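no FASTA, just this:
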């Protein structure tokens with residue numbers, strides 16, 4: 001768990017930063033109007049301090065990106081970093097909110113891809129597994145909201161990685177480009193690291209990575225909700 005000292009400026013940053021969408025529910029089904037184009041929309045759930053999403057958005061101007069983070073101090077740091085350049089990124093927005101509200105933020109088929117990087121593994125109790133962002137309840141939502149049914153996932157937890165692979169396979173997703181050691185794989189060259197990942201890599205710890213896709217039209221309406 002990321003722990004931060006007090007950030008007295010955080011509330012003002014979240015309130016005033018022009019990249020934050022203060023009432024994301026009102027843009028459900030209308031996100032392309034926010035960006036002013038028809039490019040695909042990718043989201044990162046749990047953006048941390050923004051290292052990954054800011055760099056990924058910079059490298060991919062042909063795509064739109066939305067970063068979601070529930071901790072005020074953390075998203076304030078991400079948004080502050082995003083506006084530190086000479087111009088604001090046109091293809092990046094932030095939501096101070098929770099993954100459990102994805103259905104309220106986005107319409108069916110509105111997203112192109114979901115990124116999940118180093119989420120809480122909820123290791124201690126099996127009954128907490130439903131809180132994992134790769135639990136089948138969440139997977140059903142991602143599939144419904146995504147036009148292409150794409151998920152990109154990274155973690156330092158082997159237990160969470162194996163769990164995620166099982167959940168994906170058992171719920172109609174096809175795994176691709178997986179590795180147990182990202183930084184010693186062919187996928188390292190194009191990899192954008194998060195803050196956590198930079199630290200783990202420096203310690204010599206392996207990073208697990210996968211991509212997954214699902215044929216949305218083969219899935220019925222999910223019976224479970226978050």
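Received it, and whenever you're ready, just let me know what you need. On a predicted model such as this, the values are computed, not experimentally measured, just so you know. Numbers count the residues shown, from 1 in each chain.

now the helix or strand harbouring residue 197, how far from the centre of its chain.
Here residue 197, judged by DSSP states H and E, is contained in helix 195-202. Computed by Cα atoms, centre = their mean, to the nearest Å, the chain-centroid distance of helix 195-202 equals 17 Å.

cool, stretch 109-124 as well?
Counting by Cα atoms, centre = their mean, stretch 109-124 comes out at 5 Å from the chain centroid.

buried ones in the top helix by length along the chain, by neighbour count?
The residue-count maximum for a helix in the chain (DSSP state H) belongs to helix 158-170. The neighbour-count check on helix 158-170 (16 or more other Cβ atoms under 10 Å) flags 160-161, 163-165, 167-168 as buried. For the C-beta atoms, the positions are set from N, CA and C on the backbone; glycine is no exception.

related to what we said a few turns ago, I'd like the next helix or strand past the helix holding residue 197.
Counting by DSSP H and E, what follows helix 195-202 is strand 208-214.

SS state for the residue nearest the centre of the chain?
By Cα atoms, centre = their mean, the chain has its centre lying nearest to residue 44, at 2.1 Å. Three-state assignment for residue 44 (DSSP: H, G, I helix; E, B strand; the rest coil): strand.

pLDDT at it, what is it?
At residue 44, the model reports a pLDDT of 98.

could you measure from the nearest residue to it once chain neighbours are set aside over to residue 193?
Distances taken as Cβ to Cβ, 6 or more residues apart in numbering put residue 115 closest to residue 44, at 4.2 Å, once the chain neighbours are dropped. Applying Cβ to Cβ, to the nearest Å, the value for residue 115 to residue 193 is 13 Å.

picking up where we left off before, pLDDT and distance to residue 7 for the buried residues of helix 158-170 - can I get that in TSV?
Shown next, in TSV, are the buried residues of helix 158-170 (pLDDT from 0 to 100; distance: Cβ to Cβ, whole Å):
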residue	pLDDT	distance to residue 7
160	96	28
161	97	32
163	96	33
164	97	32
165	98	37
167	97	35
168	97	36
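
paired strands for the helix or strand following the longest helix of the chain, with orientation please.
Next helix or strand after helix 158-170 toward the C-terminus (DSSP H and E): strand 173-179. Paired with strand 173-179 in the same sheet, following DSSP bridges, are strand 208-214 (antiparallel).

run through who's touching the strand it pairs with.
With contacts defined as Cβ atoms under 8 Å, 6 or more residues apart in numbering, strand 208-214 is touched by 139, 143, 148-158, 161, 164-165, 168, 171-182, 185, 187, 191.

got the angle between the worst-scoring helix or strand of the chain on mean pLDDT and strand 208-214?
Least confident helix or strand of the chain, by mean pLDDT, DSSP states H and E, is helix 195-202 with a mean of 90. Helix 195-202 and strand 208-214 are oriented at 130 degrees to each other (axes from the mean of the first three to the mean of the last three Cα atoms, to 10 degrees).

mind listing what's buried in helix 195-202?
195-197, 200-201.

which residue packs closest to residue 168, ignoring adjacent ones?
Going by Cβ to Cβ, 6+ apart, residue 168 has residue 212 as its nearest residue, at 4.9 Å.

show me where this structure has strands.
41-45, 64-69, 92-96, 111-117, 146-155, 173-179, 208-214 (DSSP state E).
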